[in-house]
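**Q** Take a look and give me a structure for this.
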Amino acid sequence: MSRIPESIIDQIQQAADLVESVSAHVPLKRAGRYFKGLCPFHQEKTPSFHVDPVKHFYHCFGCGAGGTIFTWVMKQEGVTFPEAVRKLAERAGIRVPDDDFRGDDPGAGEREAIQAVNRWAMERFEEFLRQEVGNPAKTYLKGRGVEGVTAARFHLGYAPPAGGLVKVAERDRVALEDLQKAGLVGRREEGDSRLFEMFRGRVIFPILDAREQVVGFGGRTLGDAEPKYLNTAQNAVFQKGKLLYALPWARKGLGTRRQALVVEGYMDCLMAHQFGIDWTVATLGTALTEDHARILGRQVDRVVLLFDPDAAGVRAALRSLTVFARVGVELRIAMLPGDLDPCEFLTAEGRDRFQAVLDAAEGVVAFRLRMAQGVGEWDATEGRSRVVRELVDWAAASPDAIRREMILKEIAERSGLSEAFVRQEAERGAGRSSSSVRFSEEARRGSARPAHREKGEKVQRDLLRLLLEPSFANRVAAELLPDDFKGGRFEPLGAACLRGASEGAPAPSSLAAHAENEEEAKAWAEVLAVDVNIEDQEACERWIADSLRWIREERKRKSLAESRPRFQKGDPTDPALDEALRNHLELIRKDA
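**A** Numbering: from 1, shown residues only. Now for the predicted structure:
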């Protein structure tokens, strides 16, 4: 949970207008006390997406997506819960002390100092680009087709070959120690008193995080210096494996299309945005990581990778397979024809031909098999075995059982192998998979008792809603145990509601506002969507009685299931077995 006080969170939630925020992305119409529209999280023709301005939550009755204003900002802008709180507080003009965000974090002060000096440096680099000393950089950018408005939008800058940042820092009374911590200057040798500027002679690409804080820079040399591209060294705020270039500018496009285009270079990314493909981000000269996948997975359902059509590009695409599978995002791979990179292709061929390449992006199985056939890997038995093992291990990494089933069928269809053989290989390869996911009978057939599970979730959802009503909270809480919600997606909600009931039923929106991940927010939205007519006392009494009766029966079923193996295999003289039997019978008598 966040360290931010609940009173502050409640104040922000009351001040924020959820309907207004959602309406910026989804056309809404009033329908009674709700506002309705087409769900932005899945394709539909009949509106099933509801926004409740009174309870401060949204919920889709089609796909189940839901949450509060904080969840909405987290999903649309790709930020964490504390970052969403900070953004909404700033928009509402509510002051939240920095200490509330820092908590006990001893490194918060250093990070803020680095971000401040980075913001200052970005503005100075922009000034250098506008001045006469920036003419070489302006010539380069014009030659690549970058328009002035694009350069200004992305805060492009220039670091002169002779330097100049240190001199301006002294003028502006910026501590050289802070410049060094930010990786803007360095010393050639230990103990050397002279500082040199890291990015001199380079076009500067500022790198902003999801909070739009300047966390580092990329620099492209205009001379023969190596490397051609140089990034800020890893520090307290700059970690390449957790950052994507242009993410703040791509946020709206990502939210609207629910799709991301990932390219390799800064210039490729800039040019895509210039041509209106505003759902594009780029890696920072590193392989895609699970952190990258998670960042995108919070905002999109599909990721298209566009890498160079050379050996390095193919290897980069293949390395990305499992990373995205674990997050549950659909992955497709596109390759440009010829030797042009995305920036060159866009300027030479235009947006329509570029979009056609993206539309033709292949799924993982088709791409991997085509690559194997293209290099002769598929011709030999050993090569085929390796490719199939690679693909089934990739399938095993997916947390979605249905998606795994579909992938296995596609592997069989495209490879010409029997589905039974592919399944057998999947079973055998579960130990090889980095996710250690096994293809169990349950995964093949679906849940053995889907109706029972659905009934259990409905009962838990209803009881949680009743726990939020002051008229029923204490009475219902007295009959429940935390274990009654254990193992399901409502477990954290059950614990929160039972704690809250002991102190008097909390405001529903207050509890839901503290959901710090998408699944929890979705569960809260389902609970808040349950209508309670407290005026119909008789119906409420029946509702409570039926729900609690199911809970008592479920306790008996769980107890018997846990005890049965011991009854069947145990030693009749074992005291532990005798105790298990007594506990089971006591539970039955208690709930009778």
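
**Q** got the buried residues for stretch 294-304?
**A** Using 16 or more other Cβ atoms under 10 Å as the test for burial, stretch 294-304 gives 294, 295, 296, 297, 298, 299, 300, 302, 303, 304. Where you see a C-beta, it was placed from the backbone N, CA and C, and this is true even at glycine.

**Q** what's the spacing between residue 42 and residue 36?
**A** To residue 36, residue 42 is 15 Å away according to Cβ to Cβ, to the nearest Å.

**Q** So which of these two has more stuff around it?
**A** residue 36 (19 against 15; other Cβ atoms under 10 Å).

**Q** Now that one, what are its backbone angles?
**A** Note on residue 36: backbone dihedrals following degrees, to the nearest 10 are phi -120, psi 150.

**Q** Just checking, which of the buried residues of stretch 294-304 comes out lowest on pLDDT?
**A** When the buried residues of stretch 294-304 are compared by pLDDT, residue 298 scores lowest at 77.

**Q** nearest residue to it other than its sequence neighbours?
**A** residue 78 (5.5 Å; Cβ to Cβ, 6 or more residues apart in numbering).

**Q** Check residue 228 too.
**A** That would be residue 221: by Cβ to Cβ, 6+ apart, it lies 5.7 Å from residue 228.

**Q** what sits against the one you found?
**A** Counting by Cβ atoms under 8 Å, 6 or more residues apart in numbering, residue 221 makes contact with 201, 202, 227, 228, 229, 230.

**Q** again, only this time at 7 Å
**A** 201, 202, 228 (Cβ atoms under 7 Å, 6 or more residues apart in numbering).

**Q** so what's it scoring on pLDDT?
**A** Residue 221 is given a pLDDT of 95.

**Q** Same check on the one 4 residues further on?
**A** In this prediction, residue 225 carries a pLDDT score of 81.

**Q** Would you double-check that it falls in a helix?
**A** No. Remark: residue 225 does not belong to a helix; assigned using DSSP: H, G, I helix; E, B strand; the rest coil, it is coil.

**Q** My read is that it contacts residue 201, right?
**A** Yes. With contact defined as Cβ atoms under 7 Å, residue 225 counts as touching residue 201 (6.3 Å).

**Q** which of the two has more neighbours?
**A** residue 201 (20 against 13).

**Q** Sketch out the low-pLDDT regions of the chain for me.
**A** Along the chain, segments meeting pLDDT under 70 span 1-4, 6, 98-107, 189-193, 309-317, 429-452, 501-518, 559-592.

**Q** Return the residues in contact with residue 247.
**A** Here residue 247 is in contact with 78, 210, 281 (Cβ under 7 Å, 6+ apart).

**Q** Would you confirm that the first one contacts residue 295?
**A** Same thing as residue 78. Yes. Applying Cβ under 7 Å, one finds residue 78 in contact with residue 295, separated by 5.7 Å.

**Q** if you look at the contacts of residue 221, which of them are in strands?
**A** Using DSSP state E, residue 202 are the members of the contacts of residue 221 that sit in strands.

**Q** Out of the contacts of residue 221, which comes closest to residue 142?
**A** Nearest to residue 142 among these, counting by Cβ to Cβ, is residue 202 at 16.7 Å.

**Q** Tell me what the closest one is bridged to.
**A** residue 159, residue 221 (DSSP bridges).

**Q** burial measure for it, as a count.
**A** Residue 202 has 26 nearby residues by other Cβ under 10 Å.

**Q** quick one: it from residue 249, how far?
**A** Counting by Cβ to Cβ - residue 202 and residue 249 are separated by 21 Å.

**Q** Please pick the buried ones from the contacts of residue 247.
**A** Buried, going by 16+ other Cβ under 10 Å: 78, 210, 281, out of the contacts of residue 247.

**Q** For the residues you listed, give me a markdown table that also has distance to residue 7 and secondary structure.
**A** Output for the buried ones among the contacts of residue 247, formatted as a markdown table (distance: Cβ to Cβ, whole Å; DSSP: H, G, I helix; E, B strand; the rest coil):
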| residue | distance to residue 7 | secondary structure |
| --- | --- | --- |
| 78 | 27 | coil |
| 210 | 26 | coil |
| 281 | 37 | strand |
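
**Q** Which of those sits closest to residue 270?
**A** residue 281 (11.3 Å).

**Q** Not counting sequence-adjacent ones, nearest residue to the closest one?
**A** residue 244 (4.2 Å).

**Q** The one you found and residue 279 touch, don't they?
**A** No. Residue 244 is beyond contact range of residue 279, at 11.8 Å (criterion: Cβ under 7 Å).

**Q** What separation do you get for the spatially most central residue of the chain and residue 72?
**A** By Cα atoms, centre = their mean, the chain has its centre lying nearest to residue 298, at 2.7 Å. Separation of residue 298 from residue 72 (Cβ to Cβ) stands at 12 Å.

**Q** what does residue 65 give?
**A** On the measure of Cβ to Cβ, residue 65 and residue 72 end up 10 Å apart.

**Q** Those two: which is more packed in?
**A** Neighbour count, other Cβ under 10 Å: between residue 65 and residue 72, residue 72 has more, with 24 against 20.

**Q** show me the contacts for the more buried one.
**A** 18, 21, 22, 58.

**Q** Repeat the analysis, applying 10 Å as the threshold.
**A** For residue 72, the contacting residues are 16, 18, 21-22, 25, 40, 51, 57-58, 66, 84, 88, 255, 521, by Cβ atoms under 10 Å, 6 or more residues apart in numbering.

**Q** Mind checking which of those land in helices?
**A** 18, 21, 22, 84, 88, 255, 521 (DSSP state H).

**Q** could I get these as TSV with distance to residue 238 and neighbour count?
**A** Below are the ones in helices among the contacts of residue 72 laid out as TSV (distance: Cβ to Cβ, whole Å; neighbours: other Cβ atoms under 10 Å):
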residue	distance to residue 238	neighbour count
18	34	22
21	30	18
22	33	21
84	22	25
88	26	21
255	26	21
521	29	26
